[in-house]
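*Asks:* Only the shape, not the letters, is given here:
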């Protein structure tokens, strides 16, 4: 089976060599391996020069632009040419790491030009790690070499002279209207709604016909083209089961027999096409679709995290030397301050130079730091006889932090755990009025399901990250867990589960503080803070003001 996959991969590459402008490109999914290297070596057969690019490609490098540093040095406008100005095959390494912005720009380049092709090197290890859909949709072929052994990777590509002859012959090859109808119908059967797929399949069929020396597209070549283009785009598996009982058809009249026979012959190849494409779908096709959908939902809501270096807005940072890439902004004052001490020496070296000589090394770029909103998750132990007192203090601390939310860009959530499980008592909010209504009556009493409370906090923190918050955890408990995650009672298993969940929170890099509310603090609270890799505060008799101040101090920064 892997030998057939290698043969299809080479056929796809050969077709791309014949018509790179019409087929747009190829997505190669494979980790670095000898088989992938053999395949990459065959990319030299493409008629366009190969240019390697990376996910950090800037707009200036791709489309060109004014070279500010050189223009300032020479005293006149100097423009750099971009990769898009020269017809080429762009080889994007680590395509799974390409940003949506770069994907949009490359897609615009492919749509607006008939002189470029794109090769995507997808090295993703998981199903969720894949090249951007905006690019894979525009590339005709998707080649997966994950299961190819080196012994099977033989470079059996057509000779350069044969490829040249196929390019010359392809202009005369056309598809019939019936072929176009069948391609569109087949795409609809597999849930492919983009009209690019039938067009790419038609171009692939013409390229394969030119490779084989055919003067027209045959049914076999049409089937091969659909096998190369459609499986990677399918979103559903068509149901080809026959109904149990078919309605009786009236006998055909003698003069209609020819038409009936002709219709039957047209339907049979369509069924064969469906089965051919269906046979190439991977066994875990449905689970891959689910993984793609889950990754898409996660990407749509991903946020900025704790903080990031920006170039447009935020808290100003000291300027740094750097290279202009079309996105950064020049710090004019810092640039002039850097260039000023060298003007005397530079003017002596260049008698006819402009009044101000600025070298590329003088350029200083503006930097800013953006901070996302902080989400403080209060996780409160509501078990035991002192639960009501702890909940009252937690309620007061939440209200105090909410009162400062507008100034500090904080949001607050409250989780209470007692009995056998934890419960989100207050969803992330800044509204003090809403918080007071929801905190009016808080339940208490029962066992201490510490692991469940930590698990609930982890889920809420992950949800906060997706929405762009910077989550932090304030845990009010004595650390003496006695209820495990499955609801079973027992201190040993409850402690092990709590330790596992605490370490999971620590792996997320979550800032945390454990506020030990026990009357006589013991080792349990300190151990919990160690597992969380957070701060530990022993406040057995703290009031709401002290809890709020301690939490804010521990989680700041």
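*Replies:* Nice, thanks for sending it over. As the structure is a computational prediction, the values presented were derived from the model and not from experiment.
*Asks:* Can you report how many residues lie near residue 329?
*Replies:* 13 (other CB atoms under 10 Å). (C-beta placed from N, C-alpha, C; glycine too.)
*Asks:* quick one: it and residue 367 touch, right?
*Replies:* No: judged on CB atoms under 8 Å, residue 329 makes no contact with residue 367 at a distance of 9.2 Å.
*Asks:* Pop the domain breakdown of this protein in here.
*Replies:* 1-157, 158-235, 307-371, 374-555 (automatic domain parsing).
*Asks:* Next, format these as TSV and append mean pLDDT.
*Replies:* Shown next, in TSV, are those (pLDDT from 0 to 100):
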stretch	mean pLDDT
domain 1-157	86
domain 158-235	89
domain 307-371	74
domain 374-555	79
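*Asks:* who does the strand or helix carrying residue 228 touch, helix- and strand-wise?
*Replies:* Residue 228 belongs to helix 219-229 when assigned by DSSP states H and E. Where contact means 3 or more CB pairs under 8 Å, 6 or more residues apart in numbering; DSSP states H and E, helix 219-229 is packed against helix 2-18, helix 177-189, helix 196-211, helix 257-279.
*Asks:* give me that answer again for 6 Å
*Replies:* Helices and strands touching helix 219-229, by 3 or more CB pairs under 6 Å, 6 or more residues apart in numbering; DSSP states H and E, are helix 196-211, helix 257-279.
*Asks:* where does residue 475 fall, helix, sheet strand or coil?
*Replies:* Using DSSP: H, G, I helix; E, B strand; the rest coil, the structure places residue 475 in strand.
*Asks:* which residues touch it?
*Replies:* 379, 514 (CB atoms under 6 Å, 6 or more residues apart in numbering).
*Asks:* same thing but at 8 Å, please
*Replies:* 379, 453-454, 457, 512-515, 528, 532 (CB atoms under 8 Å, 6 or more residues apart in numbering).
*Asks:* From the residues you listed, which land in helices?
*Replies:* 453-454, 457, 528, 532 (DSSP state H).
*Asks:* could you dump those residues to a markdown table with neighbour count and distance to residue 94?
*Replies:* Formatted as a markdown table, the ones in helices among the contacts of residue 475 follow (neighbours: other CB atoms under 10 Å; distance: CB to CB, whole Å):
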| residue | neighbour count | distance to residue 94 |
| --- | --- | --- |
| 453 | 28 | 40 |
| 454 | 32 | 35 |
| 457 | 27 | 34 |
| 528 | 26 | 40 |
| 532 | 24 | 34 |
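*Asks:* For the residues you listed, could you give me a markdown table that also reports distance to residue 211?
*Replies:* Listed next are these as a markdown table, based on distance: CB to CB, whole Å:
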| residue | distance to residue 211 |
| --- | --- |
| 453 | 64 |
| 454 | 61 |
| 457 | 60 |
| 528 | 67 |
| 532 | 62 |
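*Asks:* Now for residue 207: which residues touch it?
*Replies:* Taking CB under 8 Å, 6+ apart, one finds 14-16, 18-19, 22-23, 166, 170 in contact with residue 207.
*Asks:* Drop anything exposed from those.
*Replies:* Buried by 16 or more other CB atoms under 10 Å: 14-16, 18-19, 22-23, 166, 170, out of those.
*Asks:* now those residues in CSV, with distance to residue 139?
*Replies:* Below are those laid out as CSV (distance: CB to CB, whole Å):
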residue, distance to residue 139
14, 16
15, 12
16, 9
18, 15
19, 13
22, 12
23, 8
166, 20
170, 19
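*Asks:* ok, so of those residues, who is nearest residue 222?
*Replies:* Of all those, residue 15 has the smallest distance to residue 222: 13.1 Å, by CB to CB.
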